[in-house]
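[1] Prediction below, plus the sequence it came from.
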Amino acid sequence: NHELEAQVVDADAQINNAQVSNVDAEGGITGLFDGIVEDQINAAIGDFAGELGSILGDEVDAILAPNIAETLSQLAFDLEFGIPSFNPEGEDVAIQLTTDFDQINFVETHGDLIFRTLAFPAEILSPWGSLGVLSRTGCGDEIHQMILPGLDTMEIGLADDAVNQILFSAWRGGMVEFDVDESMLGDFDLATFGVSDLVAHISGMLAPVVSDCGEGDVLRMHLGDLRMDATMNFSGSPLDVVIYVAVTAPLTIGAEDGMISLGLEEVETVQLEVTVQQDDMLAYEPLLATLIETSLIPSLLEGLSGDGFGGIPLPEVDLSGAFEEIDDLKIEISPLGTSRTPGNTIIGAVIGPNPETGDETGDETGDETGDETGDETGEPEPAPGACTNPEDLGIIQEIGPSGIESIGTDCGAGCFVAGDKNACFADCYQDATGLSSECSGCYGAMGACVVDNCLNGFTPDQGCIDTVCQPIFDECSGL
C-alpha cells in the first residue's frame, strides 16, 4: 500500500558475566553453605540470562521498528503551497502536493527512499484540455536515472518530471489565465500610438514545461502557446487582434531557508504570431508585435526571476509522540546547495539547522564546530572546486590523464567490495598521488559512482560514466 514498514533483523541482546554473591540463605545458614548456594544459582543463571536476552531482542523489534517506520514516514509529505501567477497583480495558484513510498533500499552505509509524487490544483480554471504531464523521454540515447552522489549527509533528488507535474497543476489552476491591464505595459504609453480602450485576455493553451534536453544541457522552461485576444480603439477605429506567443528562458532551481526555489533567467527566444482581424488595419501587425515583445512579455516575467517563481517547502521530520517523553519535537531539513545531473536537481542537506549559518548544531558525525559538514563516515566533505588549488593542480598535471586512469583501475581492485567505496577510493587516490583529502574525495566519489552504477560485469560503461559519474566529479573538483 506504499506505506513504510520497518523490521529489526537479527536483534541480539546478550547478558554477559551475570552472577550473584554474598547470599545469606534463609534460616541463617552461613559459611560453607553460602558458597554452595551461590554456586548452584550461578550454575543456573546462564540459562536464565540467555532466555532474558531473547526476550529483550523481541522487545527491541516490537518497540524500535514501529518508531523507525513512523519517523521515516514523516518524509512522505502532504503540502499545500502557492505558485505565482504570470499575472503580476494576481494571487498565487494553490497547489496540493502529496507523496508516498515507491521503493526503499537500505544497505549498511546508507538508505535510499524513492517517492511517488502527485500534484493537483485547489481549483481547475484552465479551459484547455490536455493528455497529461510530459515526461523526460527521447532525450538522446541516455536512459533517465536518478543517481545521488553521496557527498552530503542527506540528499534529495528532484526529477525534472516532478517539476513539470507541479507546473502542469499550476497551469490547470489558472497560472496563465488572466486579463491584461494597461499597467502591465510599464512605461509604454499606448496613447502615444493612438491606442485606447484596451480589453485583452491571456490564456495559456499549453502547460509550461522544463527540460535540459536542448543546447548545452541547460535547464530551460518553454512557455507557450500563450493566446492573447484583444480589442482596442486605434486612432478612432476598432481593432481586434489574436496573438500567439511562445517563450523560452533558463530556469534556476536553488535551495535555502527550508525551500526549493524556482526562478527564471533572461528570456532567450520569443516567437510571435499576430493576426489583425480588420483587413484595413493589417499594416499595424509589426507595431503590435514590437509592443508585446518589448513591453508586455518582460513585464509578465519580471516578477518570476531569481526565486520569484515560488518554491516547494521541504518537509519537517515530526518526532512528536514517536518516543516516550517526546511530546513536541519537529526537526527541520536544512538545504546546503544544489547541483545538476541529467534530468535531475540534487539538493544536499542536513537534518537540523544549517551548520554554515553558525548554529550550534553540527551534522550527524558529531562535529560541534559548525564549520564543516561531514558525511556518514566522519570524513570532511570535499567542497566544490576542491582540486583547483595550485598544489593539487600541479600533481594532477604531472601524473597526467593516463596515470590518473591507471591509479583508478588499481584502486578499483581493492575497493570493489569495500563497505564504504567512497572512502576507500579517496584514501587510495590520496596514498598513490599525495593529493589533498578534499580533492581525493572527488576522485573517491567518482570511483564509487562507477562501481555502483556503470559496470557491465567488470567492464566500465564509458557512456554511463560520462553522463552519470563525470558530472559529479566535475561539480566537486571544479576541473
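    Yep, it's here.

[2] Could I get the full set of helices for the stretch 351-479 of the chain?
    390-415, 421-433, 437-453, 462-464, 470-477 (DSSP state H, counting those that start in this stretch).

[3] which secondary structure element contains Leu64?
    For Leu64, the host element (DSSP states H and E) is helix 32-73.

[4] pLDDT averaged over that helix - what is it?
    Per-residue pLDDT over helix 32-73 has a mean of 63.

[5] got it, and stretch 102-117?
    81.

[6] now the end-to-end length of that stretch.
    For stretch 102-117, the separation between the terminal residues is 9 Å (C-alpha to C-alpha, to the nearest Å).

[7] low pLDDT regions in the stretch 101-250 of the chain?
    By pLDDT under 70, the low-scoring segments of the stretch 101-250 of the chain are 140-142, 185-188.

[8] Can you show me the strands along it?
    In the stretch 101-250 of the chain, strands defined by DSSP state E, counting those that start in this stretch lie at 111-121, 154-159, 177-180, 195-204, 209-211, 220-234, 237-256, listed in chain order.

[9] Make TSV out of the ones you listed and add distance to Asn344 and mean neighbour count.
    C-betas here are computed from N, CA, C, even on glycine. Shown next, in TSV, are the strands of the stretch 101-250 of the chain (distance: least, C-beta to C-beta, whole Å; neighbours: other C-beta atoms under 10 Å):
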stretch	distance to Asn344	mean neighbour count
strand 111-121	12	16
strand 154-159	5	19
strand 177-180	30	18
strand 195-204	26	16
strand 209-211	12	20
strand 220-234	15	18
strand 237-256	10	18
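
[10] can you list those strands in a markdown table and add distance to Gln397?
    Shown next, in a markdown table, are the strands of the stretch 101-250 of the chain (distance: least, C-beta to C-beta, whole Å):
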| stretch | distance to Gln397 |
| --- | --- |
| strand 111-121 | 37 |
| strand 154-159 | 31 |
| strand 177-180 | 57 |
| strand 195-204 | 52 |
| strand 209-211 | 37 |
| strand 220-234 | 35 |
| strand 237-256 | 33 |
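
[11] so which of the ones you listed gets nearest Gly447?
    With C-beta to C-beta, the closest approach to Gly447 among those belongs to strand 154-159: 18.1 Å.

[12] can you list contacts of that closest one?
    136, 144, 146, 148-149, 253, 260, 312, 314, 333, 335, 343-351 (C-beta atoms under 8 Å, 6 or more residues apart in numbering).

[13] contacting residues around the closest residue to Gln277 other than its chain neighbours?
    Leaving aside its sequence neighbours, Gln277 sits nearest to Asp240 (C-beta to C-beta, 6 or more residues apart in numbering; 4.0 Å). By C-beta under 8 Å, 6+ apart, the contact list for Asp240 reads 230-231, 276-278.

[14] Over to Cys464?
    Cys464 touches 453-454, counting by C-beta under 8 Å, 6+ apart.

[15] how much space between it and Gly157?
    17 Å (C-beta to C-beta, to the nearest Å).

[16] and if you look at Thr345?
    Distance from Thr345 to Gly157, by C-beta to C-beta: 8 Å.

[17] I would like the residues contacting stretch 411-426, please.
    108-109, 150, 375, 377, 379, 408, 428-429, 432, 437, 440-441, 443-448, 450-452.

[18] Just the buried ones from these, in ChimeraX syntax?
    Typed into ChimeraX, the line below selects the buried ones among the contacts of stretch 411-426, using 16 or more other C-beta atoms under 10 Å:
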select :150,375,379,408,428,429,432,440,441,443,444,445,446,447,448,450,451
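
[19] And the pLDDT at Ile312?
    Confidence score, pLDDT, at Ile312: 83.

[20] swap in Leu393?
    pLDDT, read off for Leu393, is 87.

[21] Repeat that for Ala432.
    90.

[22] Count residues in the vicinity of the closest residue to it other than its chain neighbours, would you?
    Of all residues not flanking Ala432 in the chain, Ile407 sits nearest, at 4.9 Å (C-beta to C-beta, 6+ apart). Residues within reach of Ile407, counting by other C-beta atoms under 10 Å, total 19.

[23] ok, for Thr404, nearest residue in space, not its chain neighbours?
    Careful, residue 404 is Ile and not Thr. Using C-beta to C-beta, 6+ apart, the nearest residue to Ile404 is Ile396, at 6.9 Å.

[24] can you pull the contacts of the one you found?
    Neighbouring residues of Ile396 by C-beta under 8 Å, 6+ apart: 387, 404, 435, 479.

[25] which residues does the third one contact?
    For Leu435, the contacting residues are 387, 392, 395-396, 429, 443, by C-beta under 8 Å, 6+ apart.

[26] One more: Val163?
    Contacts of Val163 by C-beta under 8 Å, 6+ apart are 210, 253, 262, 345.

[27] shouldn't the last one be in contact with Thr338?
    Think Thr345. Yes - with contact defined as C-beta atoms under 8 Å, Thr345 counts as touching Thr338 (5.6 Å).

[28] Next, show the common contact partners of those two.
    If you check Thr345 and Thr338 against C-beta under 8 Å, 6+ apart, the residues they both contact are Ile253.

[29] who's more crowded, the two?
    Remark: of Thr345 and Thr338, Thr345 carries more neighbours, 24 against 18, as counted by other C-beta under 10 Å.

[30] Just to be sure, that one is in a helix?
    No - looking at Thr345 with DSSP: H, G, I helix; E, B strand; the rest coil, it is strand, so not inside a helix.

[31] Please list all residues in contact with it.
    Applying C-beta under 8 Å, 6+ apart, the residues near Thr345 are 157-158, 160, 163, 219, 253, 260, 338-339.

[32] And the residue nearest to Ala349 when sequence neighbours are not counted, how far from Cys449?
    Spatially, and ignoring its direct neighbours in sequence, Ala349 is nearest to Met154 (4.5 Å; C-beta to C-beta, 6+ apart). According to C-beta to C-beta, Met154 and Cys449 sit 18 Å apart.

[33] That concludes my questions; thank you for your assistance.
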